[in-house]
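1. pasting the structure only:
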Ligand code: HEM
């Protein structure tokens, strides 16, 4: 690998490190192979803005809280979603994460009410009920080794489908989880591929993608039809979206937009929370003392009852554990933008049309802002350490107008599911289970996450 300080004249020379990588391909082969470790090594040697080549395109990785605040918040109008999002368009279509300008605004305004505080209660009750079903399945089986990642994927898919679309997706859960995994992993392969050999008629990946997309479409069209025929009811997001197609005879959204928004929410709303919960149970298993503290806090506050939405405020240690998991394993580990005009970030000139990359993963492990950044230490959220951490050195849900619409949903779901599960079982990593975080669209455990559960009972 070749690191060279570029000479860009007086404006930016001392600040800018440039990674040229391999001729024409630039950094992409390194990023494709192991993005988390490669980029971590690179930013550790570098400054606030790092320049990389990627198959003939220039990427500026912005790695400072001030720079990130500028991109996401202060100067957000100077940026659009980056070229990398073109590769995820076949997944999200005309869904919120890839829409721009007026279309984005219209969809965001339409969907925002379904994520209001009052709606979160429903999410809490649903999450508790479905987590209890899973616990009953786990504890009634004689096999105490469970596939935590697979079970969290199904559970969070059920929650999002019930909560937003009033749909019972359980009988399709396996094939929908697999289809989502396929579309996302192929989209991710394409982002860093150089050249993009995955997207043509001769590529088996292309056909796997198409088949997965067809599976998702058939399930989604089925629950849209059932709602339109009056077989299901609900004042949920599906109801809002269908109404928006029809009110005043003026189509606020089209059939395709409806399908794409449902796909978007099934995908974004389940992968992110499933992986957060999986990493949480992994970290608890690695730190039995912390696991014990969570269990004690839950028993002291809840006794033998289920958690209620309002309990969250009384469980500071459990909350700190979730915050620390979101710091070390932010589901959206990298964000991409393209600047519409020339900008200067941290003294570095970035010409219009460049790719700008931001990584919550890299920033949230930054040595300058975190003591012992690689260590799992929930107490940093309780002992005042985080008071000196700038806003955009901890931003798992991003920020500014394009910040996560599902932040409240995610918190409520993760908290409810984790509280139900930790009150009933303890986790240990299964013998022989290898654990390697791998960056797909979210950060996932490459070899799955088999864990051994032990039930625990306490009388209050
Ligand atoms: C741990 C859980 C989650 C994390 C860490 C997370 C993180 C993020 C981040 C960082 C973004 C900004 C992406 C960007 O700027 O490029 C985002 C956007 C988004 N998230 Fe989440 N998310 C989570 C859960 C959810 C859930 C549960 C839903 C829906 C049910 C959801 C729906 C969305 C949508 C639709 C967007 C696009 C918003 C827009 O562009 O206006 N997310 N999320």
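-> That came through fine. The model shown is predicted, which means the values in this text are computed figures rather than measured ones.
2. Please, which helix or strand holds residue 152?
-> Using DSSP states H and E, residue 152 falls within helix 148-165.
3. Can you list the helices and strands that that helix packs against?
-> For helix 148-165, the contact count by 3 or more Cβ pairs under 8 Å, 6 or more residues apart in numbering; DSSP states H and E identifies helix 117-140, helix 173-192, helix 204-228, helix 237-246, helix 255-286, helix 407-424 as packing neighbours. Glycine gets a C-beta too; all of them are placed from N, C-alpha and C.
4. for the shortest one, which positions count as buried?
-> Just to be clear, that refers to helix 237-246. 237-241, 244-245 (16 or more other Cβ atoms under 10 Å).
5. model confidence over it, on average?
-> Across helix 237-246, the average pLDDT comes to 84.
6. any idea of the angle it forms with helix 117-140?
-> With axes from the mean of the first three to the mean of the last three Cα atoms, to 10 degrees as the basis, helix 237-246 and helix 117-140 are set at 140 degrees to each other.
7. next one: helix 237-246 to chain centre, how far?
-> 26 Å (Cα atoms, centre = their mean, to the nearest Å).
8. hmm, that helix touching the ligand?
-> No: applying Cβ under 6 Å from any ligand atom, one finds helix 237-246 separated from the ligand by no less than 8.9 Å.
9. got it, and the fifth one?
-> Yes: using Cβ under 6 Å from any ligand atom, helix 255-286 reaches the ligand at 264-265, 268-269, 272-273, 276.
10. Give me the nearest residue to whichever residue of the stretch 201-350 of the chain sits closest to the ligand, chain neighbours excluded.
-> Nearest to the ligand, among the residues of the stretch 201-350 of the chain, is residue 269, at 2.8 Å (Cβ to the nearest ligand atom). Closest residue to residue 269 apart from its sequence neighbours, by Cβ to Cβ, 6 or more residues apart in numbering: residue 160 at 3.8 Å.
11. is it true that that neighbour touches residue 265?
-> Yes: Residue 160 lies in contact with residue 265 (Cβ atoms under 8 Å); the separation is 6.3 Å.
12. hmm, back to that, the inter-axis angle of the helix holding residue 152 versus helix 407-424?
-> Counting by the same axes, to 10 degrees, helix 148-165 points 130 degrees away from the direction of helix 407-424.
13. Whichever residue of the stretch 351-460 of the chain sits closest to the ligand: neighbouring residues, count only.
-> Closest approach between the stretch 351-460 of the chain and the ligand, counting by Cβ to the nearest ligand atom: residue 406, at 2.3 Å. Residue 406: 21 surrounding residues under other Cβ atoms under 10 Å.
14. same question, residue 382
-> Close neighbours of residue 382, defined as other Cβ under 10 Å, add up to 14.
15. Would you check how far apart it and residue 318 are?
-> Distance, residue 382 to residue 318, using Cβ to Cβ, to the nearest Å: 11 Å.
16. same thing with residue 168?
-> In this view, residue 168 and residue 318 are 29 Å apart by Cβ to Cβ.
17. quick one, which of those two is more surrounded?
-> Legend: neighbour count by other Cβ under 10 Å for residue 168 and residue 318, higher for residue 318 (25 against 14).
18. Surely the more buried one is in a helix?
-> Yes: under DSSP: H, G, I helix; E, B strand; the rest coil, residue 318 sits within a helix.
19. Tell me if I'm right that it and residue 291 touch.
-> No: assessed by Cβ under 8 Å, residue 318 is found out of contact with residue 291, at 11.0 Å.
20. So for these two, which residues contact both of them?
-> Listed contacts common to residue 318 and residue 291 are residue 422; contacts here mean Cβ atoms under 8 Å, 6 or more residues apart in numbering.
21. wait, what's in contact with the residue nearest to residue 359 when sequence neighbours are not counted?
-> Among residues not flanking residue 359 along the chain, residue 334 sits closest, at 4.5 Å (Cβ to Cβ, 6+ apart). Shown in contact with residue 334 (Cβ under 8 Å, 6+ apart): 35, 357-361, 439.
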